[in-house]
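Asks: Here's a sequence, model it:
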Amino acid sequence: MTQTTVITGGTGGMGLATARILGRDHRIVIADLDQGRIDQAVSDLTGLGIDAIGFVCDITDGSAANRLFENAEEGGHHVRAVVHTAGISPQMGTPDRIARINGTGTVNIAQAFLKRASEGDALVNVASTAGHGLPKILIPFRSFRLAQTDPASFERVIVKRARVFGKKLHAGITYGLSKAFVIWYTRSLAGAFGSKGARVVSVSPGSFDTAMGKLEKDHGASEFLKVSAIKRFGHPEEIAAVLAFCASEAPGYLTGTDILVDGGTQAGQEFRTNH
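Replies: Got it, this is the predicted structure:
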């Protein structure tokens, strides 16, 4: 039976581009919030000869995340891989909503998958270069541990910590903290997934030419091009290639780490500072 990949946020630029690659040898299950967008994405994929279905899923609801996997498994299918691209950027929501979707949503998807993960399976979480950009002293690592046991308190800590930078930067810093959490949480899950013969990896994109990326273009994203090694936004297909590889069975020894795909922006900032 064809193996299944679940792609959250699968109607977006990165998610859909990843589905086109993994769909070559996987059945694709698209999860998103809008039924119309899901129908269009499924239509696009089936038009390419890809076996694809879709479900509406609010990832901030743990029960909904579990139902997503139950639906994906109907008919005896096994979910071998999950590519978790669902998330929102600073221009897409309030700090509270950013913390809930990017933080708690990631926990819900990871825990739902971990329950049924087995040998050769893989979870790929999409983090962000923003998760690498904050001084570590400002990141509430201890409070990250609340994410599984007390998500409301976890979200409040992130939002409160980000507030010290002022109203103008509140959403942006919350986003950075939420993505720093995704990187940390992915590492923390390596042992649990490994005990089942499965892997978990995060990928941190920089500025990409997607709908979300364009929203951030005039709010600082374009400034990073001044120091990046590659002076352009990335193409969705370029990040999709990395996500699909991480989710495939090929990198069987790759787990518990983050892969930065930012066109050399972090490197440019580091070495510009040193000159």
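Asks: tell me the contacts of the nearest residue to Ala247 once chain neighbours are set aside?
Replies: Of all residues not flanking Ala247 in the chain, Ala81 sits nearest, at 4.1 Å (Cβ to Cβ, 6 or more residues apart in numbering). Where you see a C-beta, it was placed from the backbone N, CA and C, and this is true even at glycine. Residues near Ala81 by Cβ atoms under 8 Å, 6 or more residues apart in numbering: 3-6, 22, 26, 121-124, 247-248.
Asks: in the sheet, who's paired with the residue nearest to the spatial centre of the chain?
Replies: Residue closest to the average C-alpha location in the chain (Cα atoms, centre = their mean): Val126, at 2.3 Å. Assessed by DSSP bridges, Val126 has beta-bridge partners Val203.
Asks: so where is the stretch 151-275 of the chain shaky, pLDDT-wise?
Replies: Residues of the stretch 151-275 of the chain that meet the criterion pLDDT under 70 lie in 210-225, 273-275.
Asks: all strands of it, in order?
Replies: Per DSSP state E, counting those that start in this stretch, the stretch 151-275 of the chain carries strands over the ranges 199-205, 258-261.
Asks: For the longest one, C-alpha coordinates in PDB please.
Replies: The C-alpha coordinates for strand 199-205 follow below in PDB (Å, rounded to 0.1, in the frame of the first residue of the first chain):
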ATOM      1  CA  ARG A 199      13.100  10.800  13.200                       C
ATOM      2  CA  VAL A 200      12.200  14.400  13.900                       C
ATOM      3  CA  VAL A 201      13.900  17.400  12.300                       C
ATOM      4  CA  SER A 202      13.200  21.100  12.000                       C
ATOM      5  CA  VAL A 203      13.900  23.300   9.000                       C
ATOM      6  CA  SER A 204      14.400  27.100   9.300                       C
ATOM      7  CA  PRO A 205      13.600  29.000   6.100                       C
END
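Asks: And the contacts of it?
Replies: Under Cβ under 8 Å, 6+ apart, the answer for strand 199-205 is 14, 110, 121-129, 131-132, 179, 182-183, 186-187, 189-190, 193, 234, 239, 242-243, 246, 251-252, 254-262.
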